[in-house]
Every structure is written in structure tokens, then in C-alpha cells.
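Novice: mind folding the following:
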Amino acid sequence: MAADADPTDGELTKDVAPDDTDDGTSATPEETEPTAAEVNAAGGDTVDGEDYEAAVDELDTGAGEVARPKRPMPHVRLAAIFGLAVVLVLATTVGWLGFRAYQSHQAQAQRQLFLQVARQGALNLTTIDWQHAEADVQRVLDSATGEFYDQFSSRKQPFIDVLKKAQSKSVGTITEAGLESDAVDRAQALVAVSLKTSDLGGGDQPPREWRMRISLEKTGNEVKISDVTFVR
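Specialist: So this is what the prediction gives:
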């Protein structure tokens, strides 16, 4: 009996009874887990340790991503983005308005130039003194172009001779002028002129009213008269 009660290192030993199975037989823990052959025989897929751990990690990662809330954009950053957008819109609008204003100014300046040349051309044609007829006729030619220049140039000398023979003098005064139409490089103006004339035989004559339709063309940086017709 002394041998049966001999403890090891002062501890009592205890026999563990194996678990009973449903059929009354004993089974160890190792026998309760299915083997790989049994899983295969049952039609299941085997999963080794590495694949199982990888699957668990993937599930954990996905769950973390879904659960992680999105951080809202700071109000300061939103205000900065909005302010930048407003500045860009304003800059574009101001630039467009400035360009349109520049175009409008250029078009208005060109119309004024067309009208000014038409008025001066009408004065050149109606204000001629026989005492300096050559200079007056040359002034008309300097402001002419195209067909009008060719026609007036070919009649230049006979016209001067008539002026000197009759000692004719005429003075024109613009009473009304305006553009009928205008384009990029051409325009048409209607000019009303009050004409006062005098000559050797008849003396001073009562004023006469003339209306001229003057066609203008832009050649380079200059605008010149391309045609003149008298209208009622």
C-alpha cells in the first residue's frame, strides 16, 4: 500500500476516464475529428492551414474597410475650393466682358472713321477754287481708290480747264451725314451738302442742296472713297 500511495513531487495523480461515445464505446479526442480521407470521401473540400488563415485575414480586412467611416472634408478646405471656383468664374466673366467691350470699341471707332472719310470726301468734291484748282483736284484723288480714282483721274485736266475758264468757285457745307451700311473693310454713307457757287458770268448763286451716296473701302490702315453717286 505504501507503493500505491507514493506521489510524484508531492502531487496526487488522477486517472482521466475517456469520454463515452453514443454507442457506448470510448473514444479519444483525436478520434472525434474527421480525417482528410473522411472529408474527401464525404465530398467536401480540404483546406490546409495556410489557406484557412489567408481566408480569415481577407474577411477581417474587408470587414475593417466596410466598418471604417469616411472622414468628412474639413470646412476650411471646402471654403478654399469654393473660393477658388468663384475666382475662376469671375476672372473668365471679366475677361469675356473686356474682350466684348474691346470689340465694340473697335467697331465703333471704325464706323466713325468711315463716316469721317465720307464727310471729308464730300467736302473735297464740293469745295474747289479755280485759283488753286490743281491742289483741290489732287486732294480728291488722294482720298480716292478703285474705279472712282480711275474715272476722276482721267477727267482731271479737262475739269481744271473748265474751272479756270469760268473762274468758278464752290463751297460745300455738310448738313447731314450717316452710314447706311458697314462691314469689316467697307461701308456706304449718305451725305447731304449745301453747295454755294459763284463764277465769272453769273456771280453768286443761291445755295443748292446735294445728296451723295459715297462708297468706302479700307485699304491697309486707310479708308478711301471707291464710288460716288448723286441721289435726290
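Novice: give me the three-state assignment for the residue lying closest to residue 205 once chain neighbours are set aside.
Specialist: What sits nearest to residue 205 in space, not counting adjacent residues and going by C-beta to C-beta, 6 or more residues apart in numbering, is residue 197, at 5.2 Å. (Glycine included, C-beta is placed from N, CA and C.) Assigned by DSSP: H, G, I helix; E, B strand; the rest coil, the conformation of residue 197 is strand.
Novice: could you list every residue that touches residue 197?
Specialist: 168-171, 204-205, 208 (C-beta atoms under 8 Å, 6 or more residues apart in numbering).
Novice: so residue 210 touches residue 193, yeah?
Specialist: Yes - between residue 210 and residue 193 a contact is recorded at 4.7 Å, counting by C-beta atoms under 8 Å.
Novice: now do the shared contacts for these two.
Specialist: Shared contacts of residue 210 and residue 193 (C-beta under 8 Å, 6+ apart): 126, 172.
Novice: which one's more surrounded, those two?
Specialist: Neighbour tally, residue 210 and residue 193, criterion other C-beta atoms under 10 Å: the higher count belongs to residue 193, 22 against 18.
Novice: just the pLDDT for the more buried one.
Specialist: pLDDT recorded at residue 193 is 96.
Novice: beta-bridge partners for it, please?
Specialist: residue 174, residue 210 (DSSP bridges).
Novice: from residue 229, how far out is it?
Specialist: Distance of residue 193 to residue 229, computed by C-beta to C-beta, to the nearest Å: 13 Å.
Novice: hey, what's in contact with both of these two?
Specialist: Residues touching both residue 193 and residue 229 (C-beta under 8 Å, 6+ apart) are residue 212.
Novice: would you mind confirming that residue 128 is in contact with residue 163?
Specialist: Yes - at 6.5 Å, residue 128 counts as touching residue 163 under the criterion of C-beta under 8 Å.
Novice: so the residue nearest to residue 205 versus residue 158, what's the distance?
Specialist: Relative to residue 158, and taking C-beta to C-beta, residue 197 is found at 19 Å.
Novice: just residue 212 next, same as before
Specialist: As judged by C-beta to C-beta, residue 212 and residue 158 stand 21 Å apart.
Novice: now swap in residue 151 and tell me
Specialist: Per C-beta to C-beta, residue 151 is found 12 Å from residue 158.
Novice: pretty sure residue 230 is touching residue 209, no?
Specialist: No - applying C-beta under 8 Å as the test, residue 230 and residue 209 come out as separate, 11.0 Å apart.
Novice: tell me which stretches of this protein form helices.
Specialist: With DSSP state H as the criterion, the chain has helices at 29-32, 36-41, 49-67, 75-126, 133-142, 146-154, 156-166.
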